[in-house]
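*Asks:* no sequence on this one, just coordinates:
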């Protein structure tokens, strides 16, 4: 799958594509419906599919002090878009210059610079300076520029509530992995390079693979049942602590999974860790023996949960 940027020419073989357009952070069931419609239309017309996303997220430009909220990295989105049938991902660099474009200029960017034949987006999509452009405006301006527009209705869950990234973030911050997984159609997954730590876990028989949280949303701090995905495709069950390490200056937030029955070196490897279930909040233990007993019980509980939970990619 190809990765394009809005600052570079679109290759000739991808001009005339159908574009799915949105932020798509999380790529939840609602986002999947938008991309699925774009893929279906493109396949029917014999056209390539480009999924466009924005980086950084527009909120970072307009509200730079907003706490971390990302559900996916660009690499994760690219893999998800490819699995959904896209031929390329186009990353719009969300700069002050892009934000300042009026709706007419943005549509010209789509029709002339990128050369798309049509755009599929959600009904609530807005664009252009001051969010002046709506789906109706896109359809009107697009028609004049020779491109069609399709708006996909929001997707609701079994309760009738609209699926959104906000709902997913709220669930994760409450430790509700079950709801987050259902809305995403897969577990919330944190990818990162395994770092060297203080190796305390190794000295007490529970070695961990330390991963920096980067720009990811901060879920509820505490202990989780997790699954790790290695670059070679192996899947590792484990229990993880997600929280602040006060011994770092400044204190550092880490995800620290301990993988069961695994003793290989993971340092400097990029792994993905799925949050399957929230066990409990962080606890203070009275001494090393109590700590070790607490971790051992967490591992027992996590094993039991994971044994009854099928793997979701």
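*Replies:* Done, it's in. Remember, it's a predicted structure, so these values are computed and weren't measured experimentally.
*Asks:* what about the helix or strand in which residue 149 is found, average pLDDT?
*Replies:* Assigned by DSSP states H and E, residue 149 belongs to strand 148-152. Strand 148-152 comes out with an average pLDDT of 97.
*Asks:* Can you give the strand pairings for that strand, parallel or anti for each?
*Replies:* Applying DSSP bridges to the sheet, strand 148-152 is found paired with strand 118-122 (parallel).
*Asks:* as a whole number, average confidence for the strand it pairs with?
*Replies:* 97.
*Asks:* likewise stretch 60-77?
*Replies:* On average, stretch 60-77 scores 90.
*Asks:* Tell me which residues are up against it.
*Replies:* Residues outside stretch 60-77 that contact it (C-beta atoms under 8 Å, 6 or more residues apart in numbering) are 3, 24-27, 53, 55, 57, 59, 80, 89, 91, 94-96, 99, 165, 168-169, 184, 188-189, 191, 213-218. The way it works is simple: take the backbone N, C-alpha and C, and place the C-beta from them, glycine included.
*Asks:* Would you mind checking the residues you listed for buried ones?
*Replies:* Among the contacts of stretch 60-77, those scoring as buried are 24-27, 53, 55, 57, 80, 89, 91, 94, 99, 165, 168-169, 184, 188-189, 191, 213, 216-218 (criterion: 16 or more other C-beta atoms under 10 Å).
*Asks:* From the centroid of the chain, which residue is nearest?
*Replies:* residue 72 (1.9 Å; C-alpha atoms, centre = their mean).
*Asks:* Which element is encountered next along the chain beyond the helix or strand of the chain with the lowest mean pLDDT?
*Replies:* Lowest on mean pLDDT, DSSP states H and E among the helices and strands of the chain sits helix 200-203, with a mean of 58. Sequence order places strand 211-212 as the next helix or strand after helix 200-203, per DSSP H and E.
*Asks:* Average pLDDT for whichever helix or strand comes after that next one, rounded please.
*Replies:* Going down the chain from strand 211-212, the next helix or strand is strand 222-229, by DSSP H and E. The average pLDDT within strand 222-229 is 97.
*Asks:* Report the buried residues of strand 222-229.
*Replies:* Using 16+ other C-beta under 10 Å as the test for burial, strand 222-229 gives 222, 223, 224, 225, 226, 227, 228, 229.
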